[in-house]
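Trainee: Take this sequence and fold it.
(2 chains)
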Number of protein chains: 2
Amino acid sequence: MPAKNCYNYQTFDEVKNNPDIDAIYITTPNALHHDQALRIAKAGKHVICEKPMALNAKQGQEMVDACNKAGVKLLVGYRMHFEPKTLEVIRMRKAGDFGKIRFFQGLCGFNIGDPKQWRLNKELAGGGSLMDIGIYAINGARYMVGEDPIWVTAQETKTDPIRFKEGVDETIQFQFGFPSGAVASCLSTYTMNNLDKFFLDGDRGWAEMLPSTGYGPIKGRTHKGELTQPVTTHQTVQMDEFSEIILNGKQPIVPVDGNEAVRDLKIIDAIYLAVKTGKKVELKLV
Amino acid sequence: MPAKNCYNYQTFDEVKNNPDIDAIYITTPNALHHDQALRIAKAGKHVICEKPMALNAKQGQEMVDACNKAGVKLLVGYRMHFEPKTLEVIRMRKAGDFGKIRFFQGLCGFNIGDPKQWRLNKELAGGGSLMDIGIYAINGARYMVGEDPIWVTAQETKTDPIRFKEGVDETIQFQFGFPSGAVASCLSTYTMNNLDKFFLDGDRGWAEMLPSTGYGPIKGRTHKGELTQPVTTHQTVQMDEFSEIILNGKQPIVPVDGNEAVRDLKIIDAIYLAVKTGKKVELKLV
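Mentor: Residues are numbered from 1 along each chain as shown, chains lettered A, B, ... in the order given. Okay, here's the model as predicted:
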């Protein structure tokens, strides 16, 4: 990359004068996304942002509004939305292969390492496992079931208050109800291994993804057999698709825009509220 | 069987005068267990009772007390407590093969048929799927994790109020917390197929049973590979073991007595209370 296309956190507003640059991908800690996205939009460049797009739905909506106002696109790093086996399950669901969807299960987590990393810092991460890895189960529930939840309940468990300080969740179980009557049971954790599973159950069939969202080869099977779609490098495909969306207005099968991300953030807000109040939280995402 | 050893529901109190009979197995609808057990105890015979042992913990404790008073044993039809692959997972957990247990998942359910059957009659069943099939996840959570839960949360969903009338639950998601910090996510349903799964996750390994409690061959695998213990007919083994317990005082690996059943009933009471109140219910089982 030529030196004239390199910026730092202080100088990147100057991209507005650089026609070589179409978009900026924000891969900083969660708490920085909002301000950086607003600065990029102001510079007239398209915004690509890692998930979670922001710390909460309010910030997320402000990012959407700023990008709309500036006439730039806002895309979010939902790499699973381009993963071939994931897309095949979505295709099968839409084709009715599973019949009426009854249940989704999303178990997402891993045993997190270095206690000093930003992901365990409330100021930078905005929360704990739910922001980082639980969001895969939240987003996955939506694209696997094909509906947005209308209620959420949630329960937090903390076994290590040293590593997981106030405001940084270690493990949260959460449940969704959908308009059709389907339900979801999910778990987000920073202290369990062997969890990276999706299970979708309909009255005529089922799909299991295991692993479901990790970087390793995604594996999946349905009542019809193993999924044989090719293994891809998620980030490569995502960047190619994002380029198509930005340059040629391509419509992705599952949305990757700011509005999609705001829905996840509204659900995250609701899960934290359900943990805090111990009560079912009703949701209206549309 | 000789005619003199045959009784009907009106006459079975007369077994007290029949030395050929050691025990009576109650396989009637749930609501009848309590009174029939009390009559059998009064007749001085050992009681074997199908699960759920009673409609609630109060009834269950009365059955335990009556049998204690009469000096007879009270055994409950927990056939999984003698299933070889299940016992192997319990052995591995006790041996520390899975390390510290973090998570259990129990998904139990099936799509129930005939809407006129007693299982869908509140008066006879005392509830719905939770009484009949959810109890496997409840009991399974306890023998897989090796602890009794200290809290429960639960959410009911009803999609078919015609088949599942007031007081007859169709689907309940429920969650447990254990003293060690382990958690469980469970589901009980009468309207989903493809659910008969246990998953136990520790910090050094895992076990999956699929199917986990059905009559078909139980299958299981752990991080060490497939479980290869023999397939048994659960009821045959259970009856042989119950005979050993009654005749020779054998101690089963996992308890099958009335106290074990009362703990499950206390949890069932708590799940229904959590559904009703929408709140976390604290449990003290010992």
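Trainee: For the stretch 1-150 of chain A, give the residue positioned nearest to chain B.
Mentor: For the stretch 1-150 of chain A, the residue closest to chain B is A:Arg102, as judged by CB to the nearest CB, at 4.6 Å. To be clear about C-beta, it is placed using only N, CA and C from the backbone, and glycine gets the same treatment.
Trainee: which ones are touching that residue?
Mentor: Taking CB atoms under 8 Å, 6 or more residues apart in numbering or on different chains, we find A:Arg102 in contact with A:Gly181, A:Ala182, A:Val183, A:Asp201, A:Gly202, A:Asp203, B:Thr189, B:Thr191, B:Met192.
Trainee: Would you indicate which residues of the helix or strand A:Glu241 falls within are buried?
Mentor: Secondary structure from DSSP states H and E places A:Glu241 in helix A:234-248. Within helix A:234-248, the residues that count as buried by 16 or more other CB atoms under 10 Å in any protein chain shown are A:His234, A:Gln238, A:Met239, A:Glu241, A:Phe242, A:Ile245, A:Ile246.
Trainee: ok, now stretch A:68-79?
Mentor: Residues of stretch A:68-79 classed as buried by neighbour count (16+ other CB under 10 Å): A:Ala70, A:Val72, A:Lys73, A:Leu74, A:Leu75, A:Val76, A:Gly77, A:Tyr78, A:Arg79.
Trainee: Return the backbone torsion pair for the residue lying closest to the second one once chain neighbours are set aside.
Mentor: The shortest distance from A:Val72 to any non-neighbouring residue, by CB to CB, 6 or more residues apart in numbering or on different chains, is to A:His46 (4.8 Å). In this entry, A:His46 is assigned phi and psi values of phi -70, psi 150 (degrees, to the nearest 10).
Trainee: Quick check: pLDDT value at the closest residue to A:Glu156 other than its chain neighbours.
Mentor: Nearest residue to A:Glu156 in three dimensions, chain neighbours excluded: A:Val275, at 4.6 Å (CB to CB, 6+ apart). Predicted confidence (pLDDT) for A:Val275: 98.
Trainee: can you pull the buried residues of the helix or strand harbouring A:Val275?
Mentor: If you go by DSSP H and E, A:Val275 is part of helix A:258-277. Across helix A:258-277, burial judged by 16+ other CB under 10 Å covers A:258, A:260-272, A:274-275.
Trainee: again, but for stretch A:27-45
Mentor: Residues of stretch A:27-45 classed as buried: A:29-34, A:36-41, A:43, A:45 (neighbour count, 16+ other CB under 10 Å).
Trainee: swap in stretch A:175-183?
Mentor: Buried residues in stretch A:175-183 (16+ other CB under 10 Å): A:Gln175, A:Phe176, A:Gly177, A:Phe178, A:Gly181, A:Ala182, A:Val183.
Trainee: Who are the contact partners of the residue nearest to A:Gly214 when sequence neighbours are not counted?
Mentor: Spatial nearest neighbour of A:Gly214, excluding adjacent residues (CB to CB, 6+ apart): A:Asp196 at 5.0 Å. Listed by CB under 8 Å, 6+ apart, the contact set of A:Asp196 reads A:Leu107, A:Cys108, A:Gly109, A:Phe110, A:Leu210, A:Pro211, A:Ser212, A:Thr213, A:Gly214.
Trainee: and if we set it to 10 Å?
Mentor: A:Asp196 makes contact with A:106-110, A:133, A:136, A:209-214, A:216, A:218, according to CB atoms under 10 Å, 6 or more residues apart in numbering or on different chains.
Trainee: Then A:Lys219?
Mentor: Counting by CB under 10 Å, 6+ apart, A:Lys219 makes contact with A:Lys85, A:Glu208, A:Met209, A:Leu210, A:Pro211, A:Ser212, A:Glu226, A:Leu227, A:Val231.
Trainee: which SS class is the second one?
Mentor: Put plainly, it is A:Glu208. What DSSP: H, G, I helix; E, B strand; the rest coil gives for A:Glu208 is strand.
Trainee: give me the number of residues near A:Val231?
Mentor: Close neighbours of A:Val231, defined as other CB atoms under 10 Å in any protein chain shown, add up to 12.
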